[in-house]
Structures are given as C-alpha cells and as structure tokens.
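In: I'd like to go over a predicted model; first the sequence, then the structure.
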Amino acid sequence: MFIEMRNVEFIYGDKTPFEKKALSGVNLTISKGEFIGIIGKTGSGKSTLVQLMNGLLLPQQGDVIVDGINTKDKKRIKEIRKRVGLVFQYPEYQLFEETVYRDIAFGPRNLGFSDKEIERKVKEVCELLEIPESILEKSPFELSGGQKRRVAIAGILAMDPEVLILDEPTAGLDMKGRKRIFNIIERLHREKGKTVILISHNLEDVANLCERVIVLNNGKISFDGPKHEVFENIKLLEKSGLIAPDVLYLQHRLKMRGFKIERFEYKVEKVADIIVKNLAGNITKEGDRR
Ligand SMILES: Nc1ncnc2c1ncn2[C@@H]1O[C@H](COP(=O)(O)OP(=O)(O)OP(=O)(O)O)[C@@H](O)[C@H]1O
C-alpha cells in the first residue's frame, strides 16, 4: 500500500468565522501501479483530497501516510513530495521561472539533483512529453495552453515521482490537445508503471482511462471500486450530483429493450458493435423462424 488515508477530516479556515469543512471521514488506500479516477460535482472535495496526498495540506483529524511516512512529519516533507507529484488544475500556478528549461529543472534542483542529472532528466521528460527543444529557452507564458500543460507535467515528472496526480489536466484544451495529453498519461502508466490519479469533470474520459473510480459527494467518499460498478450504476452517479456519459444511458435503454449486453462499453464504436451484434442476432432468429 503506497498511500493510506485514515479517517481524514479537513477544514479550511479552521476555528475562524469562515471555516468550511471540505472532507470528513475519508478512508482509502492506494497501491503502486493503480490508475484511479476521482470524480464528484464542483466543491465535493476532489482538489482538497489530492493536496492532502502530497502533504500540501495537512488534515486536522486523521492521518495521511505515504510510503510509510506521515505527511505531518515536517522533516520528511521533501521525501513525500518526491514520491507524490501533483500537477495543478491551473498550470499558471506551477510555472513561474523565466524559461521553460528552468521551470522543468526547478523540482529536481530543489531535491538536490546534480546539474548533470538535471540536464539528463529535463531531456528525458521533454522526449516523453513531446516538448520540442526549440521552446526550452522561451518564457512559459509565451506557450499555448497545451504546451503549458505539458511543461507543468514535465516539471513534476522530472522529479521521478512514484505517483502522478493530475487535477483536470485537459481543462480548456481542444479535442486534439486532450487526446495528446491522455495518450501521454496512458503511456506513463503502461510503459513506465506510474501510479496515476486523475481528477476530471469528464466522466467519459475517466471511464475510458481509469481502472478504479472514487466518487466524492459533499466531502465524503460515496463510492470506491472498479469503474464498471460505478458507471453501470447510474442512480449512484445521479445521487452524487453527476450525469453519466450518454453512451451509458444508451446502453441502459438498450438493455431495457431486451438487448443482450454482457459488459458496458465506454467508446461509441464499441457500443455500435453491440447494437450491430444484437440486431444481427435478431435477423438470424427471424430467418430461423421462417
Ligand atoms: N482556500 C479555500 N478556502 C476556503 N474554502 C475552500 C478553499 N478551497 C476550497 N474550499 C471549499 O472546500 C470545498 C471543497 O473544495 P475543492 O476545491 O476541494 O472541491 P473540488 O471538488 O475540487 O471542486 P472543483 O470541481 O470545483 O474543482 C468547497 O466547498 C470549496 O468551496
């Protein structure tokens, strides 16, 4: 078990007139190599949850343990940050150096990597994230939205974290930009064995990419399990204030009409195959009857 949260509660502005309980009674464990999606309506506590996972926020109640280290152990916070990398929802929060190179190098430099190691790391992550050398001396603020995202991810990956957390990594990107980011994330999981935790408002993306899904509702976990269990339970999604992807509503409707669906699919092409297969079955049956 790599990350463990035990009975965690987090309150913003604790003991002030503005206090706001963002999370309560959160228990969860995350193992190496998982690909987890975190979903929940706006304000349900998703960003708070992931900031607790790398010690950026500390719980008022309960404990967060990362690879055996309690995030409250101030002396070991660097070790935690090195293990759990968090890419913020807004890349602007993360990019502040004068050049792209310096921004990507910031994390490893802070962790005490040598210049040679930093250079090697920057080169490696740029290749992985398809960041051309020609932009390394540019200001991060001159970049396009997609490039900014990739540079923000590169800066975190350069520290070689075991766990990569991405908070809405494709917000504001067009279809092509989104596909590019998701391909990269998928490869990081599949080829580099990274544990990935993805927050997304887009349930279709989560359904397509993740293996396990955690649903948050008003600061509590309302579901945690295999994705097919959550996505086949439209009522559960609705109770948590979420709307299931259209492909799922379609398959529920087809099932009600007598279509045989063994396993719900998340890609339109695959649903089309189900329909064709069912219709073909019916036509054959008709033929048999005649
Ligand atoms: N800095 C803060 N000060 C006070 N309250 C906050 C702060 N950040 C978040 N909150 C509140 O805590 C709750 C959880 O917020 P959080 O950002 O974790 O939710 P979220 O699910 O990530 O939302 P979104 O989908 O909109 O990003 C919300 O009610 C939010 O208003």
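Out: Right, received. Where do you want to start? Numbering: from 1, shown residues only.
In: okay, now the domains of this structure?
Out: In the assignment given by automatic domain parsing, the structural domains of the chain cover 3-243, 245-290.
In: Including mean pLDDT, could these go into a markdown table?
Out: Formatted as a markdown table, these follow (pLDDT from 0 to 100):
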| stretch | mean pLDDT |
| --- | --- |
| domain 3-243 | 93 |
| domain 245-290 | 82 |
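In: and among these, the most buried is which?
Out: Per residue and on average, the most neighbours among the domains of the chain fall to domain 3-243, with a mean of 18 (mean count of other Cβ atoms under 10 Å). The way it works is simple: take the backbone N, C-alpha and C, and place the C-beta from them, glycine included.
In: quick revisit: make TSV out of the domains of the chain and add distance to the ligand.
Out: Shown next, in TSV, are these (distance: least, Cβ to the nearest ligand atom, whole Å):
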stretch	distance to the ligand
domain 3-243	3
domain 245-290	17
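In: what about the residue nearest to the spatial centre of the chain, distance to Gln94?
Out: Closest to where the C-alpha atoms of the chain average out (Cα atoms, centre = their mean) is Leu198, at 0.5 Å. With distances defined as Cβ to Cβ, to the nearest Å, the gap from Leu198 to Gln94 amounts to 17 Å.
In: and if you look at Leu58?
Out: Summarising the geometry, the distance separating Leu58 from Gln94, computed by Cβ to Cβ, is 20 Å.
In: How about Asn233?
Out: 35 Å.
In: Ok, Val196 next?
Out: Relative to Gln94, Val196 is positioned 18 Å away (criterion: Cβ to Cβ).
In: What segments of the protein are strands?
Out: Ranges of strands in the chain, per DSSP state E, are 3-12, 20-30, 35-39, 61-66, 69-70, 84-87, 163-167, 195-199, 212-217, 220-226.
In: quick one, the last one and strand 20-30 angle?
Out: Taking axes from the mean of the first three to the mean of the last three Cα atoms, to 10 degrees, one finds strand 220-226 and strand 20-30 inclined to each other by 20 degrees.
In: just how off-centre is strand 220-226 within its chain?
Out: Between the centre of strand 220-226 and the centre of its host chain there is 15 Å, according to Cα atoms, centre = their mean, to the nearest Å.
In: any idea what sits nearest Asn70, other than its immediate chain neighbours?
Out: Counting by Cβ to Cβ, 6 or more residues apart in numbering, Asn70 lies nearest to Asp63, which is 5.7 Å off, once chain neighbours are set aside.
In: Same question for Lys41.
Out: Gly241 (3.7 Å).
In: before we move on, what about Ala154?
Out: The shortest distance from Ala154 to any residue that is not its chain neighbour, by Cβ to Cβ, 6+ apart, is 4.3 Å, and that residue is Val125.
In: I'd say the one you found and Ala158 touch.
Out: Yes - the pair Val125 and Ala158 passes the contact test of Cβ atoms under 8 Å, sitting 5.0 Å apart.
In: shared neighbours of these two, which are they?
Out: Both Val125 and Ala158 are contacted by Ile104, under the criterion Cβ atoms under 8 Å, 6 or more residues apart in numbering.
In: And the residue lying closest to Pro226 once chain neighbours are set aside, how close does it get to Leu57?
Out: Leaving out its chain neighbours, the residue that sits closest to Pro226 by Cβ to Cβ, 6+ apart is Arg212, at 6.2 Å. According to Cβ to Cβ, Arg212 stands 23 Å off from Leu57.
In: Could you do Phe223 as well?
Out: For Phe223, the distance to Leu57 under the criterion Cβ to Cβ works out to 23 Å.
In: about what we covered before: for the residue nearest to Pro226, give me its contacts.
Out: Applying Cβ under 8 Å, 6+ apart, one finds that Arg212 lies in contact with 34-37, 224-227.
In: of all those residues, which comes closest to Val100?
Out: Proximity of the contacts of Arg212 to Val100 was ranked by Cβ to Cβ; the top entry is Phe35 with 27.8 Å.
In: didn't the closest one look like it was pressed against Val196?
Out: Yes - with the criterion set as Cβ under 8 Å, Phe35 and Val196 qualify as a contacting pair; they are 4.8 Å apart.
In: what residues are shared contacts of these two?
Out: Both Phe35 and Val196 are in contact with His189, where contact means Cβ under 8 Å, 6+ apart.
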